[in-house]
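A.B. asks: missing the sequence, but the structure's below:
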(Lines give C-alpha, C1' and ligand atoms only; values in the text may rest on other atoms or scores of the structure.)
Protein backbone atom coordinates (compact mmCIF):
# COMPACT_ATOMS: atom_id res chain seq x y z
CA UNK A 1 0.00 0.00 0.00
CA UNK A 2 2.76 2.46 0.92
CA UNK A 3 4.70 1.68 -2.27
CA UNK A 4 1.56 2.32 -4.33
CA UNK A 5 0.90 5.58 -2.49
CA UNK A 6 4.48 6.69 -3.10
CA UNK A 7 4.20 5.89 -6.77
CA UNK A 8 1.16 8.14 -6.99
CA UNK A 9 2.85 10.88 -5.01
CA UNK A 10 5.98 10.73 -7.13
CA UNK A 11 4.18 10.85 -10.44
CA UNK A 12 1.38 13.26 -9.50
CA UNK A 13 3.25 15.44 -7.07
CA UNK A 14 6.99 15.34 -7.09
CA UNK A 15 7.31 16.04 -10.75
CA UNK A 16 5.64 19.28 -9.84
CA UNK A 17 8.59 20.65 -7.93
CA UNK A 18 10.80 22.84 -10.07
CA UNK A 19 13.52 25.44 -10.20
CA UNK A 20 14.45 28.40 -12.36
CA UNK A 21 16.30 27.85 -15.62
CA UNK A 22 19.43 29.55 -14.32
CA UNK A 23 19.03 28.30 -10.75
CA UNK A 24 18.44 31.56 -8.86
CA UNK A 25 16.14 33.66 -11.03
CA UNK A 26 13.93 36.23 -9.34
CA UNK A 27 15.54 35.65 -5.95
CA UNK A 28 14.43 32.01 -5.78
CA UNK A 29 17.50 29.99 -4.83
CA UNK A 30 16.37 26.58 -6.07
CA UNK A 31 19.40 24.91 -7.68
CA UNK A 32 20.44 21.70 -5.91
CA UNK A 33 18.65 18.78 -4.27
CA UNK A 34 15.47 19.10 -2.20
CA UNK A 35 13.92 16.38 0.00
CA UNK A 36 10.17 15.98 0.37
CA UNK A 37 8.99 16.43 3.98
CA UNK A 38 5.24 16.72 3.48
CA UNK A 39 2.46 16.32 0.91
CA UNK A 40 -1.22 17.24 0.77
CA UNK A 41 -2.85 15.49 -2.18
CA UNK A 42 -6.45 16.30 -3.13
CA UNK A 43 -7.00 17.98 0.24
CA UNK A 44 -5.73 15.00 2.27
CA UNK A 45 -2.45 15.06 4.21
CA UNK A 46 -0.10 12.16 3.48
CA UNK A 47 1.21 10.73 6.80
CA UNK A 48 4.61 12.21 7.74
CA UNK A 49 6.05 8.83 8.74
CA UNK A 50 6.03 7.83 5.07
CA UNK A 51 8.80 10.32 4.37
CA UNK A 52 11.02 8.79 7.05
CA UNK A 53 10.72 5.38 5.36
CA UNK A 54 11.10 6.43 1.74
CA UNK A 55 13.42 9.17 0.52
CA UNK A 56 11.86 11.29 -2.21
CA UNK A 57 14.15 13.92 -3.70
CA UNK A 58 14.06 16.46 -6.51
CA UNK A 59 17.24 17.78 -8.10
CA UNK A 60 17.37 20.98 -10.17
CA UNK A 61 20.23 21.97 -12.45
CA UNK A 62 20.57 23.97 -15.66
CA UNK A 63 16.84 24.22 -16.47
CA UNK A 64 16.13 20.55 -15.86
CA UNK A 65 14.69 18.58 -12.96
CA UNK A 66 14.80 14.97 -11.86
CA UNK A 67 12.53 13.29 -9.29
CA UNK A 68 13.71 10.13 -7.52
CA UNK A 69 12.46 7.67 -4.93
CA UNK A 70 15.14 5.94 -2.83
CA UNK A 71 17.73 6.97 -5.41
CA UNK A 72 15.82 5.62 -8.45
CA UNK A 73 14.83 8.24 -11.02
CA UNK A 74 11.06 8.23 -11.56
CA UNK A 75 10.70 11.27 -13.80
CA UNK A 76 12.75 14.01 -15.43
CA UNK A 77 11.95 17.06 -17.51
CA UNK A 78 12.30 20.76 -18.12
CA UNK A 79 10.67 23.77 -16.51
CA UNK A 80 10.09 27.49 -16.75
CA UNK A 81 9.33 29.90 -13.95
CA UNK A 82 7.78 33.37 -13.88
CA UNK A 83 9.13 35.03 -10.72
CA UNK A 84 7.47 38.35 -11.63
CA UNK A 85 4.06 37.08 -10.51
CA UNK A 86 3.01 36.86 -6.85
CA UNK A 87 3.27 34.03 -6.02
CA UNK A 88 5.79 32.87 -8.60
CA UNK A 89 4.37 30.59 -11.31
CA UNK A 90 6.03 27.48 -12.60
CA UNK A 91 5.38 25.23 -15.59
CA UNK A 92 6.83 21.71 -15.82
CA UNK A 93 7.15 19.53 -18.87
CA UNK A 94 8.11 15.91 -18.14
CA UNK A 95 10.32 14.35 -20.83
CA UNK A 96 10.37 10.90 -19.16
CA UNK A 97 7.96 8.99 -16.93
CA UNK A 98 4.28 8.18 -17.16
CA UNK A 99 3.21 11.81 -17.71
CA UNK A 100 5.73 12.45 -20.51
CA UNK A 101 4.64 15.41 -22.63
CA UNK A 102 1.81 16.53 -20.29
CA UNK A 103 2.53 20.00 -18.89
CA UNK A 104 1.90 20.72 -15.22
CA UNK A 105 1.06 24.22 -13.97
CA UNK A 106 1.95 25.36 -10.48
CA UNK A 107 3.00 27.95 -7.92
CA UNK A 108 6.27 28.01 -5.97
CA UNK A 109 7.65 29.86 -2.95
CA UNK A 110 10.83 29.55 -0.92
CA UNK A 111 11.25 30.61 2.70
CA UNK A 112 14.81 30.04 3.86
CA UNK A 113 15.56 26.33 3.43
CA UNK A 114 11.92 25.35 2.76
CA UNK A 115 10.24 25.21 -0.64
CA UNK A 116 6.47 24.95 -1.05
CA UNK A 117 4.97 23.94 -4.36
CA UNK A 118 1.31 23.69 -5.39
CA UNK A 119 0.29 22.14 -8.71
CA UNK A 120 -2.64 20.70 -10.60
CA UNK A 121 -2.51 17.26 -12.20
CA UNK A 122 -0.48 16.88 -15.39
CA UNK A 123 -2.47 18.01 -18.43
CA UNK A 124 -4.87 20.29 -16.49
CA UNK A 125 -5.25 23.77 -17.99
CA UNK A 126 -5.92 25.61 -14.70
CA UNK A 127 -3.23 26.77 -12.28
CA UNK A 128 -3.78 26.63 -8.48
CA UNK A 129 -4.86 29.96 -6.97
CA UNK A 130 -2.91 29.50 -3.70
CA UNK A 131 -1.00 27.01 -1.53
CA UNK A 132 -4.07 25.79 0.37
CA UNK A 133 -4.63 22.67 -1.74
CA UNK A 134 -7.99 21.17 -2.66
CA UNK A 135 -9.51 18.89 -5.27
CA UNK A 136 -7.02 17.97 -8.01
CA UNK A 137 -4.27 20.03 -6.35
CA UNK A 138 -1.12 18.69 -4.74
CA UNK A 139 0.91 20.75 -2.28
CA UNK A 140 4.47 19.60 -1.56
CA UNK A 141 6.83 20.87 1.14
CA UNK A 142 10.57 20.25 0.65
CA UNK A 143 13.69 20.98 2.61
CA UNK A 144 16.99 21.84 0.97
CA UNK A 145 19.43 18.91 1.05
CA UNK A 146 22.95 19.21 2.40
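C.D. replies: Yep, that arrived. In this text, all values refer to a predicted model and were calculated from it rather than measured experimentally.

A.B. asks: Near residue 137, how many residues? Count them for me, please.
C.D. replies: Other residues near residue 137 come to 26 when the count uses other CB atoms under 10 Å. Every C-beta, even on glycine, is put in place using the N, C-alpha and C of the backbone.

A.B. asks: Which helix or strand contains the residue lying closest to it once chain neighbours are set aside?
C.D. replies: Nearest residue to residue 137 in three dimensions, chain neighbours excluded: residue 128, at 5.0 Å (CB to CB, 6 or more residues apart in numbering). Per DSSP states H and E: residue 128 is located in neither a helix nor a strand.

A.B. asks: quick one: residue 128 and residue 62, what's the gap?
C.D. replies: From residue 128 across to residue 62, the span is 26 Å (CB to CB, to the nearest Å).

A.B. asks: Look up phi and psi at the nearest residue to residue 41 once chain neighbours are set aside.
C.D. replies: Setting aside the residues directly before and after it, residue 41 is nearest to residue 138 in space (CB to CB, 6+ apart), at 4.9 Å. Main-chain torsions, residue 138, degrees, to the nearest 10: phi -110, psi 130.

A.B. asks: What residues are bridge-paired with residue 138?
C.D. replies: residue 41, residue 119 (DSSP bridges).

A.B. asks: tell me, how many neighbours does it end up with?
C.D. replies: Neighbours of residue 138 using other CB under 10 Å come to 28.

A.B. asks: Ok, residue 96 next?
C.D. replies: When counting by other CB under 10 Å, one arrives at 14 neighbours for residue 96.

A.B. asks: so what's it closest to, chain neighbours aside?
C.D. replies: Residue 96's closest residue in space is residue 76 (CB to CB, 6+ apart), at 4.8 Å.

A.B. asks: List the residues that contact the one you found.
C.D. replies: 64-67, 94-97 (CB atoms under 8 Å, 6 or more residues apart in numbering).

A.B. asks: And it, how far from residue 126?
C.D. replies: Counting by CB to CB, the separation of residue 76 from residue 126 is 25 Å.

A.B. asks: got it, and residue 65?
C.D. replies: Where residue 126 is concerned, residue 65 sits at a distance of 22 Å (CB to CB).
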